[in-house]
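# Sequence plus predicted model, see below.
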Amino acid sequence: MAVTLEKMRADIAEMIGEEPEAIGIDDNLMDLGLDSMRLMNLILMWQEAGVDLEFGEFAEHFTLGAWWDAVQKRQASK
Amino acid sequence: MTRFPLTEAQSGLWYFQKMEPENPILNTGQFLEIVGPLDVDVFRAAFDRMVEETEALTLRFAEEAGGPVQYLDPAMRPTLGYADLRSEATPEAAAIAAMRRDTDTPLDLTRDPVAAFTLFRLSDERYFWYERVHHLAIDGYGWVLITNRVAELYSAAINGTNPAPAFPPFEQAVSENAEYLSSERRAADRAYWHDYLANLPEPGSMSAGRPVSGHSFRRHSRFLRGPILDKLRAVAQTAKVTWPDVLTALVSAYCQRFTGTSEVVVGVPHMGRLGSKAARVPCTLMNVLPLRVKIDDRQPMPEFLGAVAKDLIKARRHGRYRSEQMRRDFGLIGGARRLFGAMVNVQPFDVAPKMAGLDVTLHILGAGAVDDITFTFRGDANHELLFETDTNPNLYSEEATRAHGERLEEFLLHALDAATLSEVATASAAEAQRFLFDLNTTEHPVRDVTLTQLIVEGMRWAPDAPALRFEGETMSYRELDARTAALAEKLKEMGAGTDKIVAVALPRSFELVIALVATLRAGAAYLPLDTEHPRDRIARIMQSAKPICVLATAETSELFEGDPVLLTCDWPKIPSGADLAMPAPGDMAYVIYTSGSTGEPKGVVIEHRAIVNRLEWMRTHYGFGSHDRILQKTPATFDVSVWEFFLPLMCGAALVVAAPGAHRDPAAIAKLIRDEAITTLHFVPSMLSAFLAWPGVAGLKVARVFCSGEELTADHRDRFHKAIDGELHNLYGPTEAAVDVSYWPASKDDRSMPVPIGLPVWNTRLYVLDANMKPVPADVVGDLWLGGVQLARGYLGRPDLTEDRFLPDPFRPGERIYRTGDVARFRQDGAVVFLGRSDHQVKIRGLRIELGEIEAAIMSSGLARQTGVIAREDRPGDKRIVAYIVPTETYSEDAMQRHLAATVPDYMIPAAFVTLDELPVTSNGKLNRAALPAPSFADTGVRQATGPTETLLARLFAEVLGLPEPASADADFFALGGDSLLAVNLTLRIQEAFGRDPGLGAIFEHPTLSSLAALLDADAQSDDGLGNLIRLSNETPDKTPLFVIHPAGGISWCYRGLARAIGRPVYGLQSPALDPAKSLPESLDALAASYVEAIRAVQAEGPYNLLGWSVGGIIAHAMATKLREAGDKVDLLALLDAYPAECWRAEPEPDEKAALRALLAIAGYDPEGYPELETREDILTFLREGDSPIGNLPAAALDGVVRSVLDTNRLVRGHYHGRFDGVLTHIRAGNDHQGTNLVSELWNEHAAALRVIEVPFKHSQLTSPEATAMIVPALKNLLETERR
């Protein structure tokens, strides 16, 4: 099962109790209430979906767009 | 090498370390326990690569003109130490000792490397990898980064995989910080926190003491496993919050149970890295965010958790804004002021890293300073959480630390199951068992008989023995038997019997005792009435009790017009022998009326069984017998009299009745004790205090003295044992529980402070419960509830009140408990400590204040119809007393102020008076505190501040006093609510703003803004309060001034309270030693001569008034002698507990250490309370952090104080007194000097006459507000008489 941009958007939205539409591609996710614990949970979810992700790289760039780039890179390198 | 400024996160730590260079607490450290076939070479390679990537490990620090800087110094790059401990007897202990040594060694950050790493080999396949880095270089998340990096590199090498990219350079963190500092984001964050922290309450402490980090911390570690983690995750899921936020919320709720406030502020560490380019840089970025948690016990749990989580989310969004900056923004710097109390640290990422082929366990050694208490949870909550309770050893014992760890785990377990917090007890199950049951195991068999039967039995043992003594007359038991039987027959005829009431309105006399016993023999209950009480009160009681008759004398009978009265002269004396049927144990024995809070007296109905329990307990517990002689001096309307009357009669002992009025006369009581060989008597503590102050008590011998009715203080106890040979017992109980329910032997060796009310008597239970009727652990304040056989039946004719105060016992089905309305706590040993009425006692700046006492003083003025006095805290940390008054026509605030100044100590005078048409009340008639308006410390000045000085001062006044807008030019600092502490703040602000220190003295002398501005403008020699002569008061300038001479420390600010109260100008002389530029006089006479010269500049000729405390008294005596030699009059020479120089000559001279400790005393601390403060640094730091004005002195002046202590002591030892040919007034500290030869009479040879005034204080307390309140009236009196 691949991780898609829409799955990521939906998962993030679920995590912070928002509608998926409310999450813009370049929104600072910290401003939307995402914290390290929730980030960790997301990473675990996506790892289960088969993408090996690193907390550190997600922590630096805190937008859906940056994360999607990172995920794409990982999925491509597999 | 490039130098960077410190980041905001580092600055706070830098200054902390700089202030305490010897404190190693910022050496953070941990070790990995590695089990398995570790490839040491691969590990070393992984380590070296991590170190190469982690620039922060090579940081060095330097101080430059612009402040501290840091730079990277490759020479500092750490290498991996290796120690093979396999041949050690106990390799593990050896490794841990080596780690401890390293962690406990303070670093010099300008010189030493910030980090050290060692690999200890304990056995062939077991290693400890020790890591230590100073907190300035790394934070908790940084630890995770570097440790996991080594593990990752190791595993990659073993498995042949590619590791993640290297860490970004350190510079990235520095530049990120710089960008943030000037960003809009920071401005937005700041605005958020300003809004969030408005009206911040005191954070609340779980322990008494100063929350200043020590050099070490205590730790209790435990693992949370199993159901608690399942519940945690389930609750988090239901509440739609993360489990770390659930923990944070519930731990905050736990903390609130100990602070006694409805809102707590906890500190929550925040990694501060997300979304930042510094996210992966190992360095210090961590911030601690204040989290305000309001506790509403009834709120559904998911709602509570959701609300806290929401606050946490918002806080994190603004989490880059430093808490150090928040403290600066809100003036919460220094001393005990702080942003948050406990810390709650949840570290879900703190799990041991995985290393290929190895078992790895993580052990945290230290994670930085522990100011108060820190609860840390490490791990992912799947299998276990490591739960550490770290505490400041100055605040928490090892025992308390462990108890918090254990109790909190239980609290969490229950809270995770609870629908609301109100269901969760604070006490652990073991504590609940102990405090509810074990300590209340008081079951003891007592014969089920009536008080009447006990008395009749007692009367028949030895009929010819003396039963009563009154004013030299004796009545035998035989006669008492006959007289009471005769009167009982008559009362029965009049209708007395079961549950009927006979009122007794008689003064102390044989007849009073006969009346009480006869009533009981008639099977009725007695109701004592005090004919001196207001007529209206007596009438209301009569109406409510409806007695079948009143036993009165001819003189008082007119009070009872219309009621059936039986006058003493009409009593039959010889019984007919008719049968007097015994009442039953469940019948009423007596009814005593107490004052209700609404003013309506309430009749408490006590049954025989209850009072029999109380009396039988007392008889057995204290071993009373027929040889005893018990004094009856308590008015019959006060239930203490019950045992005074009946205990002797049931024991066949002698009851000695004091004459009416004698209970208020110490001389009469002492005479009675001696003449009548009294073995037992009772005092209300305040009366005991007055009794002990009377010189005639010394050497009295009495078997036992009982105290109750008020708080017995440690001071009372100690004074008692100094003066009287006998036992002292503290008893406690409300009228509603048959006189007393608890006891404490306040023996000579008892060092309790405060003196507890102790342990329950037979068949009695004491509960301390929280507002939800749940038990609390030791040291937590709660409501005191009573249970057991002694409880009253209820209030006569008031089932509503009975129902309100007597409730079903939630812990023993079928029993009742009574709400005392008192607050109390259990000591660790199970003794109960009484802390006052639940609604009516407050502490302001450490002084406990009975608001009721202030209310009484206000009512006694005749200027108020009604009043309510409360302590308000409209600005956090700033509690002030406010009086609400419904005024009479004659009211004026001035008149009220004057009245109060004459009746209560000055610290009890309200800071504001608010007049109201009526006081708001709640539905049950109590004062509705919440509805009282906040006072405005109104600035009524009309002239606006003008000119730069006034304008700036106006702003500073507003800032310090919390005024809504700048003060006017006429504003008076003290009238607007300023006090001496705020005055110190003002001088600090002025110093910052104007660059010079006007001195505290200037504010006292020039409290109005315009005059203070003029002073600053004049740029005159600014008074820093350290001059040779300072003016302490300018009251009534036409009166002759009083000159007060400094004690050893050289400063005379200690006389400020006295100066303000004495009603004449007061000047303080201060030591030249305070000024390092001044040379010191060669003798005390020379010093005294220079002081005489100084006072002549103020007052050219006599008569002079002089006063000095301690060494100041010796100097005053020398000055007085000189003045007399010069032919001047000296009206007053008052010495506050000074003793002549010859007493000191043989004593060792104090060394610098002693002088420094004296400094503590000068600043108002008891040096004995701070044994840990030893060095100059310790003491000066302590004082600077504290709230005393001394602590805010410039360093040179503190040196001056030490110099003065040393020098003055030298001068005293070389001094020989002249003779003063007038009256020397010696004010002696009565609570000190036992066992020494320091007595007032030592002055006899140095003065023509000696007058001694003894006050019940210690030497060190003589300038305290309490002592001042007692000394000033005496001095005033002397000053006025001497003038005539």
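On my side now, so go ahead.
# Look at the closest residue to residue B:1147 other than its chain neighbours and say how many residues are nearby.
Distances taken as CB to CB, 6 or more residues apart in numbering or on different chains place residue B:1213 nearest to residue B:1147, at 7.9 Å, with adjacent residues excluded. In this view, the C-beta of every residue, glycine as well, is placed from N, C-alpha and C. Residues near residue B:1213, counting by other CB atoms under 10 Å in any protein chain shown, number 16.
# got a pLDDT number for residue B:1213?
Per-residue pLDDT puts residue B:1213 at 85.
# and the residue of the stretch 101-250 of chain B found nearest chain A, how many neighbours?
Closest contact between the stretch 101-250 of chain B and chain A, by CB to the nearest CB, is at residue B:242 (4.3 Å). Counted with other CB under 10 Å, residues neighbouring residue B:242 total 25.
# Let me see the contact set for it.
The neighbours of residue B:242, taking CB atoms under 8 Å, 6 or more residues apart in numbering or on different chains as the test, are A:35, A:37, A:38, A:41, B:236, B:309.
# Roughly how far does it sit from residue B:621?
For residue B:242, the distance to residue B:621 (CB to CB, to the nearest Å) stands at 57 Å.
# can you check residue B:424 too?
Per CB to CB, residue B:424 is found 38 Å from residue B:621.
# likewise residue B:306?
As defined by CB to CB, residue B:306 lies at a distance of 55 Å from residue B:621.
# ditto for residue B:750
As judged by CB to CB, residue B:750 and residue B:621 stand 17 Å apart.
# more crowded one of the two?
With neighbours defined as other CB under 10 Å, residue B:750 and residue B:621 compare such that residue B:750 has more, 17 against 13.
# Helix or strand for the more buried one, just tell me which one.
Using DSSP states H and E, residue B:750 maps to neither a helix nor a strand.
# my guess is it contacts residue B:717, does it?
Yes. Using CB atoms under 8 Å, residue B:750 and residue B:717 qualify as a contacting pair, with a distance of 6.5 Å.
# burial of the residue nearest to residue B:1173 when sequence neighbours are not counted, as a residue count?
Nearest non-adjacent residue to residue B:1173, counting by CB to CB, 6+ apart: residue B:1179, 5.0 Å away. Neighbourhood size, residue B:1179 [other CB under 10 Å]: 24.
# helix/strand/coil for residue B:1179?
Three-state assignment for residue B:1179 (DSSP: H, G, I helix; E, B strand; the rest coil): helix.
# give the contact list for it.
By CB under 8 Å, 6+ apart, residue B:1179 lies in contact with B:1156, B:1157, B:1159, B:1160, B:1173.
# residues touching the last one, list them.
Applying CB under 8 Å, 6+ apart to residue B:1173 gives the contacts B:1157, B:1160, B:1179, B:1182.
# Please, which helix or strand holds residue 68?
You didn't say which chain, so I picked chain A. Per DSSP H and E: residue A:68 is located in helix A:64-77.
# I was after chain B.
Secondary structure from DSSP H and E places residue B:68 in strand B:67-72.
# Give me the buried stretch members for that strand, please.
Buried residues in strand B:67-72, counted by 16 or more other CB atoms under 10 Å in any protein chain shown: B:68, B:70, B:72.
# what sits against the last one?
Neighbouring residues of residue B:72 by CB under 8 Å, 6+ apart: B:1, B:2, B:55, B:58, B:59, B:60, B:170.
# mind listing what the residue lying closest to the second one once chain neighbours are set aside touches?
For residue B:2, ignoring the flanking residues on the chain, the nearest one in space by CB to CB, 6+ apart is residue B:71 at 6.2 Å. Residue B:71 makes contacts with B:1, B:2, B:3, B:4, B:59, B:60, B:62, as judged by CB under 8 Å, 6+ apart.
# Dump those residues into CSV; add secondary structure and pLDDT as well.
As requested, these are exported to CSV (DSSP: H, G, I helix; E, B strand; the rest coil; pLDDT from 0 to 100):
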residue, secondary structure, pLDDT
B:1, coil, 70
B:2, coil, 82
B:3, strand, 86
B:4, strand, 87
B:59, strand, 94
B:60, strand, 93
B:62, strand, 88
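# Check the secondary structure at residue B:269 for me.
strand.
# right, I mislabeled it, should have said residue B:175
Under three-state DSSP, residue B:175 comes out as helix.
# Next one: residue A:25 from residue A:70, what distance?
Following CB to CB, the distance that separates residue A:25 from residue A:70 is 14 Å.
# Check chain A for the residue nearest chain B and tell me.
Closest to chain B within chain A is residue A:62: 3.1 Å, counting by CB to the nearest CB.
# what sits against the residue lying closest to that residue once chain neighbours are set aside?
Spatially, and ignoring its direct neighbours in sequence, residue A:62 is nearest to residue B:275 (3.1 Å; CB to CB, 6+ apart). Going by CB under 8 Å, 6+ apart, residue B:275 touches A:28, A:29, A:30, A:59, A:60, A:61, A:62.
# By neighbour count, which of the residues you listed wins?
residue A:29 (25 neighbours).
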